[in-house]
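S.K.: 3D, please:
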Amino acid sequence: MSGIDQAVLEAFLARLPGLRILALGDLMVDEYLWGGVERISPEAPVPVVDIHDETLRLGGAGNVINNLLAFGCRVVVGGVVGEDPDGRWLRDRLDEAGLDTEGIFTEPNRKTGRKTRVMTSHQQVLRIDRETRAPISGESENRLIAFVEREIPTVRAILLSDYLKGVLTDGLLKEIIALGRAHGVPVVIDPKGTDFSRYRGAALLTPNRKETRAAVQMPLADREDIVLAGRRILADLDLQQLVITLGEDGMLLLVPDGGEVRAFHFPTEVREVYDVTGAGDTVLAVLGSGLAAGLGLEQMARIANLAAGVVVGKVGTSIADPREIRAAATGVGSASRLKIKGRSELQRLLEEARRNGKKVVFTNGCFDLLHVGHLKCLEAAKAFGDLLALGLNSDESVRRLKGPGRPVISEDERGHLLAALGCVDFVTIFDEDTPEKLIEILRPDILVKGSDYSAAEVVGRDLVESYGGRVEIVNLFEGRSTSGLIESIRAAGRK
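M.R.: All right, here's what the predicted structure looks like:
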């Protein structure tokens with residue numbers, strides 16, 4: 001279990017929903033252009049990328065916000081964008097997430113940051129940046145300070161995501177850190193640049209190895225060098241704690257203890273590193289929300305390290321949701337735990353699969369007491385395509401549909417049992433009574449249900465057929481049902 005106290009993890013996850021946190025910093029648009037390379041340009045010795053799909057995601061401070069939303073936190077957002085299409089896109093996405101954008105201010109001559117990444121075969125071959133790096137105006141700075149002053153009595157932590165794009169000016173940083181100290185609200189910062197004096201007095205900094213090396217102007221050849229650099233930063237900046245993220249090598253936590261500094265190293269447990277993009281945002285979100293919940297930093301660092309390990313095993317700007325963190329911590333069989341996804345992550349994975357020519361099949365159900373009829377139905381469903389994504393009703397959803405006493409098996413157990421089947425590629429849990437919203441998000445090519453439904457009765461049929469997909473009905477295995485099994489068990493118990 002990676003040294004993580006299960007009770008601490010569950011306490012952390014239980015306290016997240018409704019936790020009010022202020023996230024402020026450089027908001028950006030992350031654009032991904034997905035394509036293939038089959039030839040070299042005749043004009044220059046460079047690959048020709050044939051783009052066949054593109055996606056837009058919240059980047060920079062927006063990815064911190066996405067992590068907090070995945071945890072169920074109530075997020076207060078602050079930042080400055082341009083009066084341009086990307087600025088409007090950011091606002092629209094935050095509005096769709098149910099967030100108040102009152103703390104996002106615009107500047108007419110400012111360009112909203114957009115990072116365009118050209119991707120082939122899971123690899124980034126080119127990045128194009130379009131942005132303004134100049135400091136925000138004095139007026140915008142004052143408006144943000146006033147916004148923080150108004151919101152700080154209602155929040156439990158302030159998370160600052162600094163990409164050196166001009167939003168977090170020296171003056172703004174100084175005022176926010178002072179406000180945090182005055183109100184007893186921890187200010188947690190993901191820093192950038194070579195001058196860490198800008199962050200003096202923060203509760204916690206989370207630089208990576210490269211940023212730490214630039215700040216102390218010394219080589220970091222080994223762990224001893226990193227610890228020495230960390231001690232220097234702690235002493236110079238009057239910090240309460242320091243976490244240095246080390247990519248695939250995990251992270252280092254340094255905590256002042258009297259006149260000494262204690263150091264804890266947490267090696268990452270990810271099996272394969274695909275992309276470190278977004279790992280720092282996840283660390284910031286986990287540590288910040290942990291401090292907001294009043295939990296100890298050593299255990300929170302372990303959880304943050306585990307969450308970062310989940311993220312670097314993905315491609316592109318990504319998050320780690322509670323189910324993924326819990327599965328990684330409990331060490332439930334790697335094959336099954338890696339198949340259980342939140343709906344946003346599964347949406348990205350299926351989009352990528354379709355870009356690579358894969359046919360996506362979707363089915364859903366409660367699967368309470370897995371039996372051979374379920375297995376036959378799932379094997380038949382998988383045969384229609386390349387990937388089978390399964391929507392699993394949550395415990396609350398099953399209870400509403402089936403009544404008191406159901407489910408007899410929890411959603412976590414049902415999810416892992418289903419994910420352990422070779423014919424199932426992904427499992428995601430949904431709380432609604434029907435999978436209609438999930439189908440709308442995942443957009444499967446083929447929708448499969450058992451023969452206890454007619455094609456006309458299948459939820460999501462019209463939507464799937466509207467974009468060229470189809471519905472398939474598979475025969476059920478006669479004489480097998482969960483309700484029948486439960487009744488047989490109860491009858492046997494009454495004898």
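S.K.: low pLDDT regions in the stretch 351-495 of the chain?
M.R.: The stretch 351-495 of the chain contains residues with pLDDT under 70 at 477-495.
S.K.: just the strands in it please.
M.R.: 360-365, 387-393, 426-430, 446-450, 470-474 (DSSP state E, counting those that start in this stretch).
S.K.: Ok, which of the ones you listed comes nearest Val75?
M.R.: Proximity of the strands of the stretch 351-495 of the chain to Val75 was assessed by CB to CB; the nearest stretch is strand 426-430, lying at 22.2 Å. Using the backbone N, CA and C atoms, a C-beta is placed for each residue, glycine as well.
S.K.: May I have that closest one as PDB, with CA atoms only?
M.R.: Only the C-alpha atoms of strand 426-430 are listed here, as PDB (Å, rounded to 0.1, in the frame of the first residue of the first chain):
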ATOM      1  CA  PHE A 426     -12.700  -0.100 -19.300                       C
ATOM      2  CA  VAL A 427     -15.100   0.400 -16.400                       C
ATOM      3  CA  THR A 428     -16.600   3.700 -15.300                       C
ATOM      4  CA  ILE A 429     -19.200   4.200 -12.500                       C
ATOM      5  CA  PHE A 430     -22.200   6.500 -13.000                       C
END
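S.K.: tell me what that strand is packed against?
M.R.: helix 343-355, strand 387-393, helix 411-419, helix 436-442 (3 or more CB pairs under 8 Å, 6 or more residues apart in numbering; DSSP states H and E).
S.K.: ok and that strand relative to strand 387-393, angle-wise?
M.R.: 20 degrees (axes from the mean of the first three to the mean of the last three CA atoms, to 10 degrees).
S.K.: Pull the residues that contact strand 426-430.
M.R.: With CB atoms under 8 Å, 6 or more residues apart in numbering as the test, strand 426-430 has contacts from 323, 339-343, 346, 349-350, 364, 387-394, 397, 411, 415, 418-419, 437-438.
S.K.: Repeat the analysis, applying 7 Å as the threshold.
M.R.: 339-343, 346, 349, 389-394, 397, 411, 415, 418-419, 438 (CB atoms under 7 Å, 6 or more residues apart in numbering).
S.K.: How about stretch 105-113?
M.R.: Stretch 105-113 has contacts (CB under 7 Å, 6+ apart) with 26, 28-29, 60, 80-84, 86-87, 90, 130-132, 136-137, 140, 143-144, 165.
S.K.: Give me the subset of the residues you listed lying in strands.
M.R.: If you go by DSSP state E, these have 28-29, 60, 80-82, 130 in strands.
S.K.: Any buried residues in the helix or strand encompassing Asp95, and which?
M.R.: If you go by DSSP states H and E, Asp95 is part of helix 85-96. Buried residues in helix 85-96, counted by 16 or more other CB atoms under 10 Å: 86-87, 89-91, 93-94.
S.K.: The following helix or strand past that helix: which residues count as buried?
M.R.: Remark: after helix 85-96, the chain's next helix or strand is strand 104-107, criterion DSSP H and E. Neighbour counts over strand 104-107 (16+ other CB under 10 Å) mark 104-105, 107 as buried.
S.K.: and if you look at stretch 379-393?
M.R.: Applying 16+ other CB under 10 Å to stretch 379-393 flags 380-382, 384-385, 387-393 as buried.
S.K.: now stretch 255-268
M.R.: 255-256, 261, 263-266, 268.
S.K.: now stretch 126-140
M.R.: 131-132, 135-137, 140.
S.K.: Could you do stretch 6-24 as well?
M.R.: So for stretch 6-24, counting by 16+ other CB under 10 Å, buried means 8-9, 11-13, 15-16, 19, 21-24.
S.K.: Can you give me the neighbour number for Pro108?
M.R.: The number of residues packed near Pro108 is 7, by other CB atoms under 10 Å.
S.K.: three-state assignment of Phe53?
M.R.: Just so we're on the same page, residue 53 is Asp rather than Phe. Taking DSSP: H, G, I helix; E, B strand; the rest coil as the rule, one finds Asp53 in the strand state.
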